[in-house]
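[1] fold the following.
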Amino acid sequence: MTISSKPAKRVALASLILSVVFFGIAFFVGRWSGFFAVSAVSWLLLLAALIWSVLIIQFHQRSLAEQEKLDISQLAKTKEATKIFQAKGERATIFAVAQRRLDVLEKWFIPIFSATIAAYQIAIGLYLLKAILAAAEYEAKQPLICGPVCLKLAGEALSCSLSECCFFKGITL
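    Numbers count the residues shown, from 1 in each chain. Sure, this is the predicted structure:
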């Protein structure tokens, strides 16, 4: 049985697109309606888009490493390339370039990106706290429209995530 990162990469790509779309919708609805909470949620949705983009990179590297491992094993089985590609130990790692890139990505890039996410959350938290303290006497412009729009956005996000999950698992709704 082979495990592939391609379905995970597709889910991450679809989630990235949805996060960016929902960021734009929430940002402009929050600005238009005057609800500070909706604008604040939009910045958290942008953070989700950043996380999904890193996951796309990681899943792409994993699929490249899987393909490379498959190619090396197939080359080792052929008669002509038996001597070259039947490497043991240190020589085997020389051929695994994509696997080394994946190891570097998971060892260095992911922790650095995690620290960047933490810094982004702290910065956005301080920005939103400063904005909320500055706008103590704040009146919403469109209070009756913002609620149903946000409810519709939440319902669409839920249905999209359920349909993606079921699609990639082969379940029909």
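
[2] for the residue nearest to R31 when sequence neighbours are not counted, give me the pLDDT.
    Distances taken as Cβ to Cβ, 6 or more residues apart in numbering place S39 nearest to R31, at 6.3 Å, with adjacent residues excluded. Every C-beta, even on glycine, is put in place using the N, C-alpha and C of the backbone. Looking at S39, its pLDDT is 81.

[3] S39 against I25, yeah?
    No - using Cβ atoms under 8 Å, S39 makes no contact with I25, being 11.6 Å away.

[4] can you give me the helices in this protein?
    For the chain, the helices defined by DSSP state H occupy 6-33, 36-77, 82-85, 90-95, 97-104, 110-134, 143-169.

[5] now those in CSV, with mean neighbour count?
    Converted to CSV, those look like this (neighbours: other Cβ atoms under 10 Å):
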stretch, mean neighbour count
helix 6-33, 18
helix 36-77, 17
helix 82-85, 12
helix 90-95, 12
helix 97-104, 16
helix 110-134, 12
helix 143-169, 13
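
[6] those helices: lowest mean pLDDT?
    Looking at these, the bottom one is helix 82-85 with a mean of 56.

[7] chain neighbours aside, what residue packs nearest to K9?
    F59 (3.9 Å).

[8] quick one: residues contacting the residue nearest to R31.
    The neighbours of S39, taking Cβ atoms under 8 Å, 6 or more residues apart in numbering as the test, are A26, F27, G30, R31.

[9] I110 too?
    By Cβ under 8 Å, 6+ apart, I110 lies in contact with V54, Q58.

[10] just the closest of the contacts of S39 to K77, please.
    Within the contacts of S39, the smallest distance to K77 is 53.0 Å, found for A26 (Cβ to Cβ).
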